[in-house]
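Undergrad: sequence plus predicted model, see below.
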Amino acid sequence: MARIGILVVAYNAESTLESVLERIPPDIMAKVEEIFVFDDASHDRTYEVGKAYQKQIAREKLSIFRNPVNLMYGGNQRRGYQYAIERGLDIVVLLHGDGQYAPEVMQDLLTPLETGKADMVMGSRMLIKGAALRGNMPMYKYVGNKILTWLENRLIGANFSEFHSGYRAYSVHALKTLPLDSLTSNWHFDTQIILEFFKRGYLVKEVPIPTYYGDEICHVNGIPYALNCIRETLKFALLHRWRMNAALPLASRSKK
């Protein structure tokens, strides 16, 4: 049986963290080995809320950590994945502490990994037509997501419905092969992870997830984020093309 962990990344999530943890289904709670919350040096009481919840009955699987300094979104994930590797887990699920992603559908992300049909599973808000907008995704984010995903797909020859969901599950064995320390601490860490899995030929599967936009605060600056994603994807595409050309016999290259 796979050893499963849930990484909850949290920043200024004092009003939502407890609810997110409560919403993890009982059958998931029963089989996971550990839920580890990494509070990224929040300015509010996120850590204290987590510790208070941990003291409640039957919370022995819950661990609460607070980074002494803010590691940023990518850095906080990296710390969580390193922890999962250190713990010898087989699967780790990435869940956000702000309530934007539904813990109720976590099994949909886990099943392909548990059955050996994927090395990475991405929850997509775009697989079901119109679902993202019905979930109150702002139109500018919807359009930006679609355009950016289309461009990234064209650059690397993929066909993902969405590059930009933060609800994911990974094979820890696969994560161990990635150069995590060399990846960004910024928001486009998620895009770099996709590219690293794609580069290594790992099986990546998408599953539909519900979309929810409420009162959570978005900390992402959209334009720099988009430019960083495009830069990383273009760099990957050019390097991949160069490697392919370098692997060709000289006679084959001369025919182009």
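TA: Received it, and whenever you're ready, just let me know what you need. Note that this is a predicted model, so its numbers are computed, not measured. Numbers count the residues shown, from 1 in each chain.
Undergrad: check which residues of stretch 113-126 are buried.
TA: 113, 114, 118, 119, 120, 121, 122, 123, 124, 125, 126 (16 or more other C-beta atoms under 10 Å). C-beta: built from backbone N, CA, C; applies to glycine.
Undergrad: now stretch 82-98
TA: Buried-residue list, stretch 82-98, by 16+ other C-beta under 10 Å: 83, 84, 89, 90, 91, 92, 93, 94, 95, 96, 97, 98.
Undergrad: make TSV out of the residues you listed and add secondary structure, pLDDT and distance to residue 69.
TA: Below are those laid out as TSV (DSSP: H, G, I helix; E, B strand; the rest coil; pLDDT from 0 to 100; distance: C-beta to C-beta, whole Å):
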residue	secondary structure	pLDDT	distance to residue 69
83	helix	98	17
84	helix	98	21
89	coil	98	25
90	coil	98	30
91	strand	98	29
92	strand	98	23
93	strand	98	25
94	strand	98	21
95	strand	98	23
96	strand	97	20
97	coil	97	18
98	coil	94	20
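Undergrad: among those, which pair sits farthest apart?
TA: In the buried residues of stretch 82-98, two members sit farther apart than any others by C-beta to C-beta. They are 90 and 98, at 26.7 Å.
Undergrad: just the angle between the strand or helix carrying residue 193 and strand 91-96, please?
TA: Under the criterion of DSSP states H and E, residue 193 resides in helix 189-199. Taking axes from the mean of the first three to the mean of the last three C-alpha atoms, to 10 degrees, helix 189-199 and strand 91-96 form an angle of 150 degrees between their directions.
Undergrad: rounded mean pLDDT for helix 189-199, please.
TA: The pLDDT scores in helix 189-199 average 96.
Undergrad: for whichever helix or strand comes after that helix, name the packing helices and strands.
TA: Going down the chain from helix 189-199, the next helix or strand is strand 204-208, by DSSP H and E. Contact partners of strand 204-208 among helices and strands, from 3 or more C-beta pairs under 8 Å, 6 or more residues apart in numbering; DSSP states H and E: helix 106-114, strand 120-124, helix 189-199.
Undergrad: and with 10 Å instead?
TA: Contact analysis of strand 204-208 by 3 or more C-beta pairs under 10 Å, 6 or more residues apart in numbering; DSSP states H and E lists helix 106-114, strand 120-124, strand 168-171, helix 189-199 as its packing neighbours.
Undergrad: what about the helix or strand harbouring residue 234, average pLDDT?
TA: According to DSSP H and E, residue 234 maps onto helix 222-247. Across helix 222-247, pLDDT averages out at 83.
Undergrad: do the same with stretch 69-76
TA: The model assigns stretch 69-76 a mean pLDDT of 98.
Undergrad: switch to numbering from 605
TA: Got it, first residue is 605 now, which makes that one stretch 673-680.
Undergrad: what's in contact with it?
TA: Residues outside stretch 673-680 that contact it (C-beta atoms under 10 Å, 6 or more residues apart in numbering) are 611, 613-615, 642-647, 669, 671, 681-684, 700, 770, 784, 787-797, 823-824.
Undergrad: stretch 732-739 now?
TA: By C-beta under 10 Å, 6+ apart, stretch 732-739 touches 704, 706, 728-730, 741-743, 745-746, 749-750, 765-766, 769, 812-818.
Undergrad: do stretch 711-719 as well
TA: If you take C-beta under 10 Å, 6+ apart as the criterion, stretch 711-719 is touched by 605-606, 608, 610, 629, 631-632, 635-636, 694-699, 705-706, 721-727, 771-776, 778, 807-813.
Undergrad: low-confidence bits of the stretch 705-854 of the chain, can you list those?
TA: By pLDDT under 70, the weakly predicted segments of the stretch 705-854 of the chain are 818-823, 825, 845-854.
Undergrad: change it to 50
TA: Under the criterion pLDDT under 50, the flagged ranges of the stretch 705-854 of the chain are 852, 854.
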